[in-house]
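> pasting the structure only:
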């Protein structure tokens, strides 16, 4: 298996003396990104919901010489997100890399305590809050990498629609949250002075924990696809390691751009709606109100 940093062309980068926070790093793509950054010399903070898996990943990172710590937080609870930001900011002089990787997919609709559909809450509202609470800690040359998805192209975004679960469709909700990731990145890049912010499509990963809340038939299909060698799918199906390549590139590579969308370590043109600056600004204002920013 080719390591993500090698496939991304950054295996020779020395990230010693830098600190990264990778959300959703207890398994899957996030875990592979965290391992890649540790192998490059970075200290890495691991976020997730499962303490045992989180401590296991942190232990692996320490084997590579990283100062690694695990932070538990449930992204459906904004209080826990606030607490995560406080704990991380309290341990670093500067945060060089923030990888917003944690994500969820829910087959059935429900509103969170914030009055927001829970897929949108977990995938957009929580990283929006976390990133903003950590803005003052970001290094001048820091990087915010937000893991989006090509499925954003299938979505439309009605802000009133995310406050209801009427006629809920799990895949549509997930696609909508990924569109929000790209719009958020665009507006964040406009507002940041120094750090860069980019979004990316990592790939299609059937083995990802993303599908843990899907229906039984969907989980069964994902288990089958995850067992098929990637070469037999003509590159359509990714492993966690191959899907970690582009996030690793954006976190550690020679990337001068900001506010862009990447696929396969190259700039790509996102959906037209994802380039709507007015919508991006409205999403920011709506999100700031929901989290009392």
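That came through, no problem. Here the structure is a predicted model, which is why all the values come from computation and not from measurement.
> helix, strand, or coil at residue 246?
helix (DSSP: H, G, I helix; E, B strand; the rest coil).
> now it: how far from residue 47?
20 Å (Cβ to Cβ, to the nearest Å). From N, CA and C alone the C-beta is placed, and that goes for glycine too.
> residue 139 - that's part of a helix, no?
No. Read with three-state DSSP, residue 139 is strand and lies in no helix.
> count of neighbours near it?
16 (other Cβ atoms under 10 Å).
> that one contacts residue 98, correct?
No. In this structure, residue 139 is not within contact of residue 98 by Cβ atoms under 8 Å, at 10.3 Å.
> which stretches of this structure form strands?
19-22, 43-48, 69-72, 95-100, 138-147, 196-201, 261-263, 266-268 (DSSP state E).
> winner for burial among those strands?
For the strands of the chain, the largest average neighbour count (mean count of other Cβ atoms under 10 Å) is found in strand 19-22, namely a mean of 29.
> quick check: which helices or strands does that one pack against?
helix 28-39, strand 43-48, strand 95-100 (3 or more Cβ pairs under 8 Å, 6 or more residues apart in numbering; DSSP states H and E).
> I'd like these laid out as JSON lines, including distance to residue 196.
What follows is the helices and strands packed on strand 19-22, written out as JSON lines (distance: least, Cβ to Cβ, whole Å):
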{"stretch": "helix 28-39", "distance to residue 196": "16"}
{"stretch": "strand 43-48", "distance to residue 196": "19"}
{"stretch": "strand 95-100", "distance to residue 196": "10"}
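> state the pLDDT value of the closest residue to residue 75 other than its chain neighbours.
Excluding the flanking residues, the one nearest residue 75 by Cβ to Cβ, 6 or more residues apart in numbering is residue 126, at 3.7 Å. For residue 126, the model assigns a pLDDT of 98.
> cool, residue 103 as well?
For residue 103, the pLDDT comes out at 94.
> wait, what's in contact with the closest residue to it other than its chain neighbours?
Nearest non-adjacent residue to residue 103, counting by Cβ to Cβ, 6+ apart: residue 123, 5.1 Å away. The neighbours of residue 123, taking Cβ atoms under 8 Å, 6 or more residues apart in numbering as the test, are 103-104, 174, 177-178, 180-181.
> these in helices, which ones?
Members of the contacts of residue 123 lying in helices (criterion: DSSP state H): 174, 177-178, 180-181.
> redo those as JSON lines? Include pLDDT, neighbour count and distance to residue 43.
Below are the ones in helices among the contacts of residue 123 laid out as JSON lines (pLDDT from 0 to 100; neighbours: other Cβ atoms under 10 Å; distance: Cβ to Cβ, whole Å):
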{"residue": "174", "pLDDT": "96", "neighbour count": "24", "distance to residue 43": "32"}
{"residue": "177", "pLDDT": "98", "neighbour count": "28", "distance to residue 43": "30"}
{"residue": "178", "pLDDT": "98", "neighbour count": "28", "distance to residue 43": "29"}
{"residue": "180", "pLDDT": "98", "neighbour count": "29", "distance to residue 43": "30"}
{"residue": "181", "pLDDT": "98", "neighbour count": "24", "distance to residue 43": "26"}
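> any idea how far stretch 99-116 is from the chain center?
13 Å (Cα atoms, centre = their mean, to the nearest Å).
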